[in-house]
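Chemist: Here's a sequence, model it:
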Amino acid sequence: MTRPLRVGNASGFYGDRFDAVRDMLTDGPLDVLTGDYLAELTMLILGRSRLKDPRRGYASTFLRQLEENLGLAHERGVKIVANAGGLNPAGLADAVRELADRTGVPVRVAHVEGDARPVPDGFLTANAYLGGGGIAACLRAGADIVVTGRVTDAALVTGPAAAHFGWGPEDHDALAGAVVAGHVLECGTQATGGNYAFFGDHDIRRPGFPLAEIHADGSSVITKHDGTGGVVDLGTVTAQLLYETGGARYPGPDVTARLDTVRLTQDGPDRVRISGVRGEAPPPTLKVGLNRLGGWRNEVVFVLTGLDIEAKARLVREQFTDALDRAGPKPAEVRWELARTDRADAGTEETASALLRLVVRDPDAAAVGRAVSGAAVELALGSYPGFHLTAPPGKGAPYGVFEAASLPAGQAEHVAVLPDGSRQTVPAAGTYAEPGEVAEPPLPEPLPAGPTRTAPLGHVAGARSGDKGGDANVGVWVRTDDAWRWLAHELTVARFRELLPEAAGLTVVRHVLPRLRALNFVVHGLLGEGVAAQARFDPQAKAVGEWLRSRHMAVPVTLLEAPEVHA
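Modeler: You can find the predicted model right below:
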């Protein structure tokens, strides 16, 4: 029987902990070390970088990490797979080869191409999300280092697993299990206690990075190296499973994974087994991410201290509006937001202060530049008492817009460039199926009626939220069956909108995942044109789940008094 494959992760985003590569290589055994460097915002950043220097367009941090660790990985026989190639995987592969030659480390380097698409007028980048087939082909050809461009995050795991176990495109269940494991690993320490709702239960000051022991049937155990910080338990894995997902079907270029079939069991300290995952044929189209510059934005934050906060805010708004009228055409979009962070009779000046945030946008840089910053500065001696800003206003900066399109899967030119330089075309999946909606599963029996107490939802439930383009998802889960019997009936779409008024006028879809004791809400349009557009205070919806947990509901007393469950 083929032994399990140990796949670790050392990066959840471009800018993650630099020394994680060394830690993962030295703290315990691994077969493959992966790194996820790409996000929708990262592709825009790399696109702007490539405008300045066509030879760049890749995540240079990865190359610096290899400078310190290439020899170590070679000594330990660990293969490295990363999507750090960004917009220029061939350029990064060449740079890795130059590094290997310079350091005398005999590694074989391969890369994956084919995600780059013709860039429409007005856009900076256009990239299809490829699967793990190209990675698998490179590894089967003996590559030690594989760099890719825009593949799905889970492809960094499905590719090595398919190469190791010999899976083909029709092994849907096995591939789906690897997709789920890859989704848990892709955000690094979010699977080991980072950004975790119940963070007070564990020491997560420096969580270790996660790894998966993947088996031939696609099942896996999520764990971490012994002695590293953080925790792996049912809650941390559930939280990450819900992150940036939607309904029961999780479609990707390799397979559509059925999240409603996932079974999680505690398999010992810091070990969670994932089993039972069913897979279906992938959809007939690939997602294509498009990034463009949307215009220019500027931001000014006024500090309002002490008494009469509302009146001070009203005064500066009126003064600023008059100043913009005198300066000429107003910016196309002007938004004000007053954050009442102040307290009455405060013991420090900072806690006596509120923040009035102004954000302006316009296609013309001049409209948000001097006209805005000058108006703010010129009010300094003639406005509300205590006038000051959190920082001097700038000249404005460009903002980006993310759009999603689709491409027939058979039209993608998915190519593995092998260590010997030969090019191998990766065939498309054998069969496809449109991932239709899954019928909502039956809800559990409601909890019997009994006394309730008004309390924050977070006293009973955990949550994790994130972004997908202009949409936000909020996954909510509980840790006991009784809590699930209450949550499934109480947290409806109507109640969700009531608790989060920003979602009141938007389309909200609720997905029920009984095996995870979870609900997943998708809020369409909450983030406007995506994270790069910075349309709201929390542009990636990272804290929407914590906002929801802070909202008060009538909670059964039996749930509030029940002992906490951590397993």
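
Chemist: Looking at this protein, which helix is longest?
Modeler: Counting by DSSP state H, the longest helix found in the chain is helix 309-327.

Chemist: Now for residue 207: which residues touch it?
Modeler: 189, 192-194, 224, 228-231 (Cβ atoms under 8 Å, 6 or more residues apart in numbering). From N, CA and C alone the C-beta is placed, and that goes for glycine too.

Chemist: Just the helices from the chain, written as ranges.
Modeler: 20-26, 40-52, 60-76, 89-103, 133-140, 155-165, 172-185, 234-242, 309-327, 370-378, 481-490, 493-499, 544-550, 557-560.

Chemist: Tell me which residues are up against the third one.
Modeler: It stands for helix 60-76. Outside helix 60-76, the residues touching it (Cβ under 8 Å, 6+ apart) are 10-11, 14-15, 18, 21-22, 25-26, 29-30, 33, 35, 37, 79-80, 82, 84, 92, 95-96, 99-100, 103, 105-107, 144-145, 147.

Chemist: Which helix or strand in the chain has the lowest average pLDDT?
Modeler: Ranked by mean pLDDT, DSSP states H and E, the weakest helix or strand in the chain is helix 40-52, scoring a mean of 89.

Chemist: Centre of the chain to it, how far?
Modeler: 18 Å (Cα atoms, centre = their mean, to the nearest Å).

Chemist: What about residue 543, how many residues nearby?
Modeler: 15 (other Cβ atoms under 10 Å).

Chemist: 54 is where my numbering starts, stick with that
Modeler: Got it, first residue is 54 now, which makes that one residue 596.

Chemist: Pull the contacting residues for residue 342.
Modeler: 93, 96, 178-180, 182, 203, 455-457.

Chemist: Between helix 142-156 and the least confident helix or strand of the chain, find me the angle.
Modeler: With axes from the mean of the first three to the mean of the last three Cα atoms, to 10 degrees applied, the angle from helix 93-105 to helix 142-156 works out at 80 degrees.

Chemist: and helix 93-105, what does it pack onto?
Modeler: strand 178-181, strand 338-358, strand 450-461 (3 or more Cβ pairs under 8 Å, 6 or more residues apart in numbering; DSSP states H and E).

Chemist: re the thing from before, which one of the helices of the chain lies nearest to residue 485?
Modeler: Nearest to residue 485 among these is helix 225-238; the distance by Cβ to Cβ comes to 11.6 Å.

Chemist: How about exporting that closest one as CSV, limited to the C-alpha atoms?
Modeler: Extracted in CSV, the C-alpha atoms of helix 225-238 (Å, rounded to 0.1, in the frame of the first residue of the first chain):
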residue,chain,number,x,y,z
HIS,A,225,-13.4,12.3,-8.1
ASP,A,226,-13.7,11.2,-4.4
ALA,A,227,-10.0,11.0,-3.8
LEU,A,228,-9.5,14.4,-5.5
ALA,A,229,-12.3,15.9,-3.6
GLY,A,230,-10.7,14.8,-0.3
ALA,A,231,-7.4,16.4,-1.4
VAL,A,232,-9.3,19.6,-2.3
VAL,A,233,-10.8,19.8,1.2
ALA,A,234,-7.3,19.2,2.8
GLY,A,235,-5.9,21.8,0.5
HIS,A,236,-8.5,24.3,1.4
VAL,A,237,-7.7,23.8,5.1
LEU,A,238,-4.0,24.2,4.5
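
Chemist: circling back: got the CA positions of the least confident helix or strand of the chain in PDB?
Modeler: What follows is helix 93-105, C-alpha atoms only, in PDB (Å, rounded to 0.1, in the frame of the first residue of the first chain):
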ATOM      1  CA  GLU A  93      -7.100  38.600  -6.000                       C
ATOM      2  CA  LEU A  94      -5.400  41.700  -4.600                       C
ATOM      3  CA  THR A  95      -1.900  40.200  -5.100                       C
ATOM      4  CA  MET A  96      -2.500  39.700  -8.800                       C
ATOM      5  CA  LEU A  97      -3.200  43.500  -9.100                       C
ATOM      6  CA  ILE A  98      -0.100  44.300  -7.100                       C
ATOM      7  CA  LEU A  99       2.000  42.000  -9.400                       C
ATOM      8  CA  GLY A 100       0.400  43.500 -12.500                       C
ATOM      9  CA  ARG A 101       1.500  47.000 -11.400                       C
ATOM     10  CA  SER A 102       5.000  45.600 -10.700                       C
ATOM     11  CA  ARG A 103       5.200  44.100 -14.100                       C
ATOM     12  CA  LEU A 104       4.300  47.500 -15.700                       C
ATOM     13  CA  LYS A 105       7.500  48.900 -14.100                       C
END
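
Chemist: and the angle for that helix with strand 450-461?
Modeler: Going by the same axes, to 10 degrees, helix 93-105 is angled at 110 degrees with respect to strand 450-461.

Chemist: okay, residue 583: pLDDT?
Modeler: According to the prediction, residue 583 has pLDDT 79.

Chemist: ah, wrong one, I meant residue 106
Modeler: Residue 106 is given a pLDDT of 89.

Chemist: swap in the one 5 residues further on?
Modeler: pLDDT, the model's per-residue confidence, is 97 for residue 111.

Chemist: That one: what's it in contact with?
Modeler: Here residue 111 is in contact with 99, 137-142, 144-145, 148, 200 (criterion: Cβ under 8 Å, 6+ apart).

Chemist: Include neighbour count and distance to residue 302 when you put those residues into TSV, please.
Modeler: As requested, the contacts of residue 111 are arranged in TSV below (neighbours: other Cβ atoms under 10 Å; distance: Cβ to Cβ, whole Å):
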residue	neighbour count	distance to residue 302
99	28	30
137	28	29
138	30	29
139	31	29
140	24	30
141	23	33
142	29	29
144	19	36
145	28	33
148	21	39
200	34	30
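
Chemist: Closest one of those residues to residue 558?
Modeler: Looking across these and measuring by Cβ to Cβ, the closest to residue 558 is residue 99, at 34.7 Å.
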